[in-house]
Every structure is written in structure tokens, then in C-alpha cells.
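**Student:** sequence and predicted structure, then a few things I'm wondering about:
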Amino acid sequence: MKGKIVMLVEDNPDDEELTLRALRKNNITNETIVVRDGQEALDYLFAAGPFAGRDPHLMPVVVLLDLKIPKIDGIEVLRRLRADPRTKLLPVVVLTTSNEEKDIIQSYDLSANSFVRKPVNFDEFTEAVRNLGLYWLLLNEPPPCPSR
Amino acid sequence: MKGFKNLSIRQKFIVLSVITCCSALLIVRTGFLIYDTVGFRQSLVRNLLTQADIVGTNSASAILFEDAASATKTMSALKAKANILMAAIYAKDGKLLSTWHRNEGDGLTAPATYDISKDKSNFGKNALEVYHPIFFDGATIGAVYIRSDLGEVRDRLSRYGTITVIIMFFSFVVVVLIATKVAEHITHPILDLTRVAKDVSENKNYSVRAVSHGSDEVGFLVRTFNEMLTQIQINQAELHRSHEELEERVEERTAQIKSANEEARNLNKFLDSIIENMPNMVFVKDAEELRFVRFNKAGEELLGYPKTSFVGKNDYDFFPKPEADFFTEKDKEVLEHRTLLDIPEEPIQTKEKGMRLLHTRKIPILDEAGNPLYLLGISEDITERRHAEDAIKNLNDELKSKATLLEAANKELEAFCYSVSHDLRAPLRSINGFSKALAEDHAEQLGAQGQADLNRIRAASERMGQLIDDMLNLSRITLSPMNREAVDLSAIARAVIGELRKANPGRTLSVEIQDGMIAQGDARLIRIALENLLENAWKYTSKQPDATIFFGLVPGMEKPTYVVRDNGAGFDMTYASKLFGAFQRLHTEAEFSGTGVGLATVRRVVSRHQGKIWAESSVNKGASFYFTLS
């Protein structure tokens, strides 16, 4: 589990805090990169803009992507990730408040790996985060780094 | 001669015979007369010469002695001859010696001198004069002159004439008799023939025959005539037969023509009545001058002119010039291209109905060589239809604009729902999450009361989350598209009950679901409806020890009507009208939990299927929910 980075794309500081708290409560201590809008997420993943100096080969094992985010919305971020060979296979879990059928379909259409709705009940939310951590950090075998 | 021409043959024959006979007789008699008269005259001269000789001989001595008295005495002996009127004696010197007159003073004279050597006779008008020399001893001594009248000759001629007349008369009678008889023989066959010919010519009787009377020319004529009649009779019979045949054929043909005419008339009548009874205006124009040839009743009624007034006229006689120009132009187009022309709309000025709108088809009627003879037009009055169409179009436009509005409202609602699902839930999550964090991180400071309060906050936030979800679900049922297919209600109900049993393993209740309930509808929506109804039944029988749920068709209903029936808590029918309203509840949360959206959701599903839903119940006697899916 060491060295594996989790990326959280979340503009709501409450949700960010609650997510991090849930991760902590579940003893998931991996490094978590938090970005607050779509542009920042893309910049980080493609090592561009403010993240230009970053090692572009260092990819998170999973991206927890909210859909309703500023600048570039979650669906567009997903589209661009899937369009780029570097991030085509990157595991992306859509973690959002909505359970709109339209969002679910669009996400899967763009090859999202999972779609998880954030429950209002924090206990349920914690449970969901725990399951996600368990699955993506322990069980799941990440795709090989494309250019390595 | 003219009269002769017109005489009958018989008369002609008789006349001819008489003329011929009399002529011959007259010629013969005349010959005889001439001959007789000449002979008589000669004998008269001879007789006188003899008398003169006797006188001369007897008076020789008187001459020698120039005794005149003696000479006269000698001459007086001539008294016996009654015809001698006068006598004279000439002396040797030729001088008149003596004269004798039968009647003194008759004025007759003898020539004074005469050449005594010559005999001489001279016929005068009424007298014969004879001179004769007197010989004595061989010498001529004087001459005698005797004058006789011609009474004897006249008498003789008169007798001769009388006899001739008598002979002529008798000859005439005999000739007439003979000629009549002979003529009878000659003319009888001709008359017979004439009579027959007359009969033939007047009575057209070709069966009569002339009687042949011999083998002469007439007999030959009669035979030839009879042969001719026979030939004519044969020809006549032949003619008659062919005439009859012809007449028969004419009659037959006439009958045929009559029946064909009748047929044509009937066909014409039939076509006429079709044209006349067509509900559309039908007109025919001649291709040459585009004048109306025909107009039907519908056209008459539409245009308001009697149809007979159209015949021979053209468009310009009835319609304003721009209209007539348009019609004529289209007519010419049809006749030039020789194909049907469809004019979807053309305005026309009518006499009594104002401006009308026509849908006209113009069709060229061609002869065998493909040249246009007529132009057939069929026009439908589409004015009313057009008005109706306009009305429908207006209505449609109105509907469209309403639909657009509705669509915009729906879009707005959708956006609103989306926003609600995100933006209302996020703060709730914060409230719930941080309440939990507070309870966990500051349990000691909060104390039991503080913990309980935080729990209430968390419960309230959760309930609100639930309300938001239910509200969203309700709106989605209205907004989601319908996908109609055959849906097995029985199978869905069994699956729902199966899930409920799994989720509540402690409940024992009898569920009866009728088999084979298939309806047309949206499977997803119907499942949501059945979930709500069955969950309700499940929920409201939870306090019933021997709970039963029935789902099946209601027998004897006009439309397939389904019922979900339970023997649970039921409700008071007084509030039945509130039952299907959103967030309306007839029980407290403490009695039975719920948001009051379930039945509202069911009603939306049913109404989206054009169905109906109603309920029957009484408190603690169970409830029955009926619905139809049309």
C-alpha cells in the first residue's frame, strides 16, 4: 500500500474534509492529492501548468472524481483522460452527490471504473470510502504505467 | 294530213283503201273520157264533111251559074240535121256566094273569103266549123262551109260524168266494205296487242299475253312481245324478291341500329348521371378555342350560373381577367404537354359564394393520333377544408408553442432537480458528517444530552436526504421517457415480494399473486409502481398477525383492472382524496414510517399509462388499491 497515491478531485471543503476523515478512520494513510477543479486535476495528471516539474510517470492508483466541479466539469475531465494515451487506463471512480441516471450513463460511457454516490449519512459514507480504499488500494491490480 | 295522223290504224287503212281505189277509178275513167271524146270529135268532123260533100255535089250547078238562090235551097236540106246551125258556099274565086241560117237573124257569119282548095275543120268554143272543097269534073269549083254547135258533145260528156259518179259511189261503198273487213283482220291482232300493252302499262300486269293470229309480221311482233313480257315477268319477280330481301335486310339493320342507338343512349345516360352526380365540379372545354362544352351540377352550384349558360362561352365571360388569364394559361400548358396537371390551389370568383379555393386537375383528352380534342377539368372546392386546415394549423402552432413552453419548463425542472440532488444534499452530508465528527471527537464535553441532540440533528438530516431523494424520484417518473412493451406484472410482483422477504426474514405472511398478468407499459415505471404498492401492503400489515397480500385481476370489469389487497391497518375513507397527493400521509411517522411519496409515485406511473387508480378501505379492515393500465 505504500507509495500508492490517491487523488481526490473535490471543490467542496466540507466534502474534502469528510472524505479525508473517512480515509483516516479506515486507516488509509496513503498520500492523498487533493485538487479543487477540473483544470487543476488535468494539470496534475499531465504534469502541466503549476505541476510542470512533477514526474509525469508517477500516477495515482485511483482518482476519486466529483462531477460538479469548477472550470472543467468532471465528465469533461474524464473525457480528456480517456482521450489521452497516458491516462487512458487510469482507474477513475466517480464519487458524487448526484444519482442522476444521465450522469451514471455518461460516466460509464467514458469508461469510468466505478460510480459511487456519496450518502448523506456519514456512517454510510465512511463505509463506502472504506470499501473503495480496500478495493482500489489492496485488491485491484493497477494498469502498467504506459511509458515505463 | 294532221287529222290523218291521229286516226286509228283501221281508219287509216280504210281511208287509204278508199283513196287508192277512187284514184285508180278516176284515172281510168279520165283516160276513157279523153279517148272517147277524141273519137267522138273525129266522127263528128267526118259526119259534117260527109254533109258538106253532099251539099257540094248538089250545089255544083248553082255554083257554075252563080245562082245564089239555088245554092241556098240546096243548103236548106241541112234542116234535118238539128245540130247544124249555119252553112255557106264559096264561089270559084273564093268569094262567099250564099249562106243559110237555121234561125234567121242569129247573128252568125261566115268568113267573106276562103281558099277553096283546102279542107279545114276548126273547133271553137261553142261550135265546130268545117270547110270542104266542091269538085266538078276533077276541078275545084267552090267550097262549102258548115257550122255545127257542140251540144251533142256536151251531152255526151255530161252522161259520161254521171255514170262515173255512180260508178265511183258504188265503188266507194264496196271498197269501204271490203276495206273494213280486211282492216278488221289486219288491225285485230294489233289492237289486241295494244290492249295487252295498255293493260301492262296501266296495271303493271305482266301475266297477260297477247293472242297470236298468224305468222305474219304482226304475229311475230305478238310473239316477241309475249316473250318480252315473260322476260319482264321473270325480271319483275326477281326484282320483287330482291326488293323484299333488301327490305328485310333494311328492317333487320334498322332494328340493329335502333338497339345500338338505345344502348348508346343508355350508356350516355349512365355516363351523364355519373358526371352530373359527381360531388366535384366537372367541366369540359374544346381544345381549339377553350370554350366550355360541358358543365355538371356541382359546377353549377359552385359557380352560381346555370350550366347551359356556359356552353360556347370561355373563362373571360365569367371570371375577372387575372383569374381567366391564369386558367387559360394552365389550360394551354396541359394541352401543350398532353399530361395531367394538378393545381393544388386556385382562387375563383363565384356568383353567390364569393371567392372560393379550388383544387383542380386538368386532363387532356386526345384523339387516336394523340392530338388534344378536349380538356377535362375536375375541381374540388377546398375552401372549407382549407379553413379547417388553417384552424388546425393555428391550433397546432399554439400547441407547439405551448409544448415549447412546457419543454422549457421541464428543462428548467430537470435543471432544478439536478441542482437539488447536488446542492441540497451536500450541506446535509456536511451536517450529518460533522455532527458525527463532533460526537466522536468531543464525546466527553457533550455529555449524554449533547449526544442525543446530535443524533436528532443527524436523523433530521438523513430524513431530509430521504425526502429529497423521494422528491427527485417522483419528478423523474414524470420526466423520464416511456418505453412501451409487454410487461409481465405477475413476474415483477413475485420478484418484489421475494426482495421484501429477503430484507425482512422475520415476517411470515401469505402472499397470493395471480399468474399470467401481462400488460402493455413501461417495465421500469410499472416496477416502481408495484414496488410502492407491495411495500405499502407489506408495511401496513406489519402489525397484523396473519397478514395476507393479494395481487390479481378484478373479474367482470370492462378494462383489465388490477388490485393489490391487504388485510392491514387500512385508512379512513374520509381522507381518501388526500391519499395520492405527494408528501401526504394518513399515519404518523411513529405508527408507520414513510415520506408520503409512494402513492403519489404510483398515481404518476398509472396516469402516464393513461390508467386510473383508486382505493377502498376502512380502518383496521385492510385496503384495496385498484388500477388500470390502458
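**Tutor:** Looks like it came in fine.

**Student:** quick one, what contacts the residue in chain A positioned nearest to chain B?
**Tutor:** Closest approach between chain A and chain B, counting by C-beta to the nearest C-beta: A:Val120, at 3.3 Å. To be clear about C-beta, it is placed using only N, CA and C from the backbone, and glycine gets the same treatment. Contact analysis of A:Val120 by C-beta atoms under 8 Å, 6 or more residues apart in numbering or on different chains lists B:425, B:428-429, B:432, B:461-462, B:464-465.

**Student:** give me the low-pLDDT residue ranges for the chain?
**Tutor:** Because you didn't say which chain, this covers chain A. Regions of chain A meeting the criterion pLDDT under 70 cover residues A:1-2, A:145-148.

**Student:** look at chain B instead
**Tutor:** B:1-2.

**Student:** ok, 50 please
**Tutor:** Low-confidence segments of chain B, defined by pLDDT under 50, are absent; every residue clears the threshold.

**Student:** and for the strand or helix carrying B:Pro133, what's in contact with it?
**Tutor:** Using DSSP states H and E, B:Pro133 sits in strand B:127-136. Contact with strand B:127-136 is made by B:41, B:44-45, B:48-49, B:52-53, B:56-57, B:59-60, B:63-64, B:85, B:89, B:114, B:116-122, B:140-150, as judged by C-beta under 8 Å, 6+ apart.

**Student:** repeat the analysis, applying 6 Å as the threshold.
**Tutor:** By C-beta atoms under 6 Å, 6 or more residues apart in numbering or on different chains, the residues outside strand B:127-136 that reach it are B:48-49, B:52, B:56, B:60, B:116-117, B:119-122, B:140-149.

**Student:** do stretch B:302-319 as well
**Tutor:** The contact list for stretch B:302-319 (C-beta under 6 Å, 6+ apart) reads B:281, B:290-292, B:295, B:300, B:324, B:327-328, B:349-352, B:381.

**Student:** so where do the helices sit in the stretch 401-550 of chain B?
**Tutor:** Secondary structure of the stretch 401-550 of chain B (DSSP state H, counting those that start in this stretch): helices located at B:425-441, B:443-479, B:489-503, B:523-540.

**Student:** oh, I was asking about chain B
**Tutor:** Under the criterion DSSP state H, chain B carries helices at the ranges B:2-5, B:9-58, B:60-64, B:68-75, B:151-203, B:217-277, B:297-303, B:321-337, B:383-419, B:425-441, B:443-479, B:489-503, B:523-540, B:598-608.

**Student:** just to revisit the earlier point, buried subset of the contacts of stretch B:302-319?
**Tutor:** Among the contacts of stretch B:302-319, those buried by neighbour count (16 or more other C-beta atoms under 10 Å in any protein chain shown) are B:281, B:290, B:292, B:295, B:300, B:324, B:327-328, B:350, B:381.

**Student:** closest to chain A among those?
**Tutor:** Using C-beta to the nearest C-beta as the measure, the one of the buried ones among the contacts of stretch B:302-319 that approaches chain A most closely is B:Asp381, at 52.9 Å.

**Student:** rewinding a little: so for the strand holding B:Pro133, what gets flagged as buried?
**Tutor:** Per 16+ other C-beta under 10 Å, strand B:127-136 contains these buried residues: B:128-134.

**Student:** okay, angle between it and helix B:151-203 too, please.
**Tutor:** Relative orientation of strand B:127-136 with respect to helix B:151-203: 140 degrees, computed using axes from the mean of the first three to the mean of the last three C-alpha atoms, to 10 degrees.

**Student:** tell me the strands beside strand B:127-136, with direction?
**Tutor:** Strand pairing for strand B:127-136, determined by DSSP bridges: strand B:120-123 (antiparallel), strand B:139-149 (antiparallel).

**Student:** relative to helix B:9-58, how tilted is it?
**Tutor:** Using the same axes, to 10 degrees: strand B:127-136 against helix B:9-58 is 30 degrees.

**Student:** report the buried residues of stretch B:89-96.
**Tutor:** Those would be B:89-92, B:96, for stretch B:89-96 by 16+ other C-beta under 10 Å.

**Student:** greatest separation within those residues: which pair is it?
**Tutor:** For the buried residues of stretch B:89-96, with distances taken as C-beta to C-beta, the pair at the greatest spread is B:Lys92 and B:Leu96 (12.2 Å).

**Student:** next, count neighbours for the closest residue to chain A within the stretch 451-600 of chain B.
**Tutor:** Per C-beta to the nearest C-beta, the residue of the stretch 451-600 of chain B with the smallest distance to chain A is B:Gly465, at 3.3 Å. Other residues within reach of B:Gly465 by the criterion other C-beta atoms under 10 Å in any protein chain shown amount to 19.

**Student:** give the contact list for it.
**Tutor:** A:120, B:428.

**Student:** could you rerun that using 7 Å?
**Tutor:** For B:Gly465, the contact set (C-beta atoms under 7 Å, 6 or more residues apart in numbering or on different chains) comprises A:120, B:425, B:428.

**Student:** what about it, distance to B:Ile431?
**Tutor:** Computed with C-beta to C-beta, to the nearest Å, the distance linking B:Gly465 and B:Ile431 is 10 Å.

**Student:** skipping its backbone neighbours, what lies nearest B:Leu78 in space?
**Tutor:** In space, not counting the residues next to it along the chain, B:Leu78 is nearest to B:Ile84; the distance is 4.8 Å by C-beta to C-beta, 6 or more residues apart in numbering or on different chains.

**Student:** isn't that neighbour right up against B:Asp149?
**Tutor:** No. In this structure, B:Ile84 sits apart from B:Asp149 without contact. The criterion is C-beta atoms under 7 Å, and the distance is 8.3 Å.

**Student:** the more surrounded of those two?
**Tutor:** More crowded of B:Ile84 and B:Asp149, by other C-beta under 10 Å: B:Ile84, with 22 against 17.

**Student:** and chain A, which residues reach chain B?
**Tutor:** On the criterion C-beta under 7 Å from any C-beta of the partner chain, chain B has as its neighbours in chain A the residues A:12, A:14-15, A:18, A:21, A:68, A:97-100, A:118, A:120-123, A:125.

**Student:** just the buried members of those?
**Tutor:** For the residues of chain A next to chain B, a neighbour count by 16+ other C-beta under 10 Å gives the buried set as A:12, A:15, A:18, A:21, A:68, A:97-100, A:118, A:120-122, A:125.

**Student:** looking at those, spot the one nearest B:Leu489.
**Tutor:** Using C-beta to C-beta, A:Asn99 is the member of these that sits closest to B:Leu489, with 26.5 Å.

**Student:** my read is that that closest one contacts A:Phe115, right?
**Tutor:** No. Using C-beta under 7 Å, A:Asn99 and A:Phe115 do not qualify as a contacting pair, with a distance of 8.7 Å.

**Student:** residues near residue 70, how many?
**Tutor:** Since no chain was named, I'll use chain A. Around A:Pro70 there are 11 residues (other C-beta under 10 Å).

**Student:** sorry, I should have been clearer: chain B.
**Tutor:** For B:Ser70, the tally of surrounding residues (other C-beta under 10 Å) stands at 17.

**Student:** measure the closest residue to it other than its chain neighbours to chain A for me?
**Tutor:** The shortest distance from B:Ser70 to any residue that is not its chain neighbour, by C-beta to C-beta, 6+ apart, is 3.8 Å, and that residue is B:Ala62. When C-beta to the nearest C-beta, to the nearest Å is the yardstick, B:Ala62 and chain A sit 214 Å from each other.

**Student:** how much space between B:Ala62 and B:Lys73?
**Tutor:** Applying C-beta to C-beta to B:Ala62 and B:Lys73 gives a distance of 8 Å.

**Student:** of those two, who's got more company?
**Tutor:** More crowded of B:Ala62 and B:Lys73, by other C-beta under 10 Å: B:Ala62, with 22 against 15.

**Student:** who are the contact partners of that one?
**Tutor:** Residues in contact with B:Ala62 (C-beta under 7 Å, 6+ apart) are B:70-71, B:74.

**Student:** quick revisit: now the two most distant members of the contacts of stretch B:302-319.
**Tutor:** Pairwise distances across the contacts of stretch B:302-319 peak at 24.6 Å for B:Leu290 and B:Glu352 (criterion: C-beta to C-beta).

**Student:** pretty sure B:Phe283 sits against B:Phe292.
**Tutor:** Yes. Counting by C-beta under 7 Å, B:Phe283 does reach B:Phe292; the two are 6.1 Å apart.
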